[in-house]
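Participant: Need coordinates for the below:
(one chain, ligands or ions: 3)
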Amino acid sequence: MDGVNATGTGKSLYSGNVSITTDLVSGVYYLRDNSRGGMYTTNMNNRTTGGSTFTDADNVWGTNTTANVQSAGVDAHYGAQLTWDYYLSSFGRRGIDGNGFRVLSRVHYGNRYNNAFWNGSSMTYGDGDGTTFRPLVSLDVAGHEITHGLTEKTAGLIYSNESGAANESFSDIFGTMVEYSSGTGDYLIGEDIYTPATAGDALRNMSNPAAEGDPDHYSKRYTGTGDNGGVHINSGIQNQVFYLLAQGGTNRTSGLAVTGIGRPKAAAIFYRALTVYLTPSSNFKAVRTATLNAARDLYGASSAEYNATAQAWTACGVQ
Ligand SMILES: O=C(O)[C@H](CCc1ccccc1)CC1(C(=O)N[C@@H](Cc2c[nH]c3ccccc23)C(=O)O)CCCC1
Ligand SMILES: [Ca+2]
Ligand SMILES: [Zn+2]
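Facilitator: Ligands and ions are numbered 1, 2, ... in the order given. Purely as a prediction, here's the structure:
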């Protein structure tokens, strides 16, 4: 039901106080953004089905703490908002399908649920148990989950083995780009939500994947069957490629150096590879080729950007 677009104040858990777009209908504010495809955020009340769109009387949402159930809703809604804005402003893409796809964000899923997931039409976030995880609604996770939707609607990378690790890495890459678009960014995934009692750790680390137990080089890839063939493990290889291409540096395993080209160009190369060249069964070698094709298209075949892209994959053992 469309009402009047209103600008609300969201008191979030991880991003301070933020401006969000809400929907005023018959004197009640709904956590729905008709300026961004109608994206909306629901409260699942710690159940695993159902849920209802958050409403509010004064358009000031949450209290920056988990004491108020709206706070996590603010973070999820803001994360979806920034993700929409990132893809539109960076690549002219309006929603994950380019056609204003309406995203649903669901918070307070399950009981102390220590995970989050994309299910084809919505993002779903648990509250965590407070020890292993805080509510999983951080910006990098929101960007990660929504990017699974983008990947589904473009390359369709199969979620196992190398294509699955590439799928995971694209979500980590653009999750950190969405977080970066908020003004503060890093190359860590889930630093705000993981093990609150331990400072400085994260679920994954793109600048040094080994810091969280993941490979930074193809020679160290996981070849077992766990985690769908290591999709959250071998993502470290492509994550390291992106990091070296964006920031420059030396791979710890190969000792090979890469000249950085900056985050925006690196992201543009990976975005074009994902949306133009990759297919469901693409492996890391195919991603190398796709990113080289993308770099050639965007910057030229003998450009510094093209050469840095080749260097980065070689530094991580993918020829
Ligand atoms: O989107 C994804 O790749 C992950 C989706 C995992 C999932 C898949 C299917 C049904 C339920 C859950 C969720 C995230 C993830 O990386 N999960 C990892 C790490 C993890 C989170 N919570 C866990 C609890 C137990 C074990 C591992 C985990 C995983 O599921 O492997 C992404 C960003 C943060 C959470
Ligand atoms: Ca982060
Ligand atoms: Zn993922």
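Participant: so what's the residue of the stretch 201-319 of the chain found nearest ligand 3 up against?
Facilitator: Proximity of the stretch 201-319 of the chain to ligand 3 (CB to the ion) peaks at His232, 7.0 Å away. (C-beta placed from N, C-alpha, C; glycine too.) For His232, the contacting residues are Glu168, Arg204, Asp214, by CB atoms under 8 Å, 6 or more residues apart in numbering.
Participant: most surrounded residue in those?
Facilitator: Neighbour tally across the contacts of His232 (other CB atoms under 10 Å): the maximum, 29 neighbours, falls on Glu168.
Participant: so it makes contact with Gly230?
Facilitator: No: Glu168 is beyond contact range of Gly230, at 9.3 Å (criterion: CB atoms under 8 Å).
Participant: my read: Ser303 touches Ala295, true?
Facilitator: Yes: contact criterion CB under 8 Å: Ser303 and Ala295 qualify, at 6.9 Å.
Participant: neighbour count winner among the two?
Facilitator: A direct count of neighbours by other CB under 10 Å for Ser303 and Ala295 places Ala295 higher, at 28 against 15.
Participant: could you pull out the helices for this structure?
Facilitator: 70-91, 139-153, 161-181, 226-230, 235-247, 263-272, 284-299, 304-315 (DSSP state H).
Participant: so who does the nearest residue in space to Tyr30 that is not next to it in sequence touch?
Facilitator: Closest residue in space to Tyr30, ignoring its immediate chain neighbours: Asp23 at 4.4 Å, by CB to CB, 6 or more residues apart in numbering. Going by CB under 8 Å, 6+ apart, Asp23 touches Asp2, Gly3, Val4, Asn5, Ala6, Tyr29, Tyr30, Leu31, Arg32, Asp33, Asn34.
Participant: now with 7 Å?
Facilitator: Asp23 sits next to Gly3, Asn5, Ala6, Tyr30, Arg32, Asn34 when contact means CB atoms under 7 Å, 6 or more residues apart in numbering.
Participant: okay but the third one is in contact with Val60, surely?
Facilitator: Same thing as Ala6. No: Ala6 lies out of contact with Val60 (CB atoms under 7 Å); the separation is 11.3 Å.
Participant: Overlap in contacts, these two.
Facilitator: By CB under 7 Å, 6+ apart, no residue touches both Ala6 and Val60.
Participant: Extract the residue ranges of the stretch 1-150 of the chain that are flagged as low pLDDT.
Facilitator: Within the stretch 1-150 of the chain, the segments meeting pLDDT under 70 span 1-2.
Participant: interface residues of it facing ligand 2?
Facilitator: Asp140 (CB under 5 Å from the ion).
Participant: Need the contacts of Asp23 in JSON lines (columns: neighbour count and distance to ligand 3).
Facilitator: Below are the contacts of Asp23 laid out as JSON lines (neighbours: other CB atoms under 10 Å; distance: CB to the ion, whole Å):
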{"residue": "Gly3", "neighbour count": "16", "distance to ligand 3": "34"}
{"residue": "Asn5", "neighbour count": "14", "distance to ligand 3": "31"}
{"residue": "Ala6", "neighbour count": "14", "distance to ligand 3": "33"}
{"residue": "Tyr30", "neighbour count": "21", "distance to ligand 3": "29"}
{"residue": "Arg32", "neighbour count": "25", "distance to ligand 3": "26"}
{"residue": "Asn34", "neighbour count": "18", "distance to ligand 3": "28"}
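Participant: interface residues of the stretch 151-300 of the chain facing ligand 3?
Facilitator: So the stretch 151-300 of the chain meets ligand 3 at Glu168, Ser171 (CB under 5 Å from the ion).
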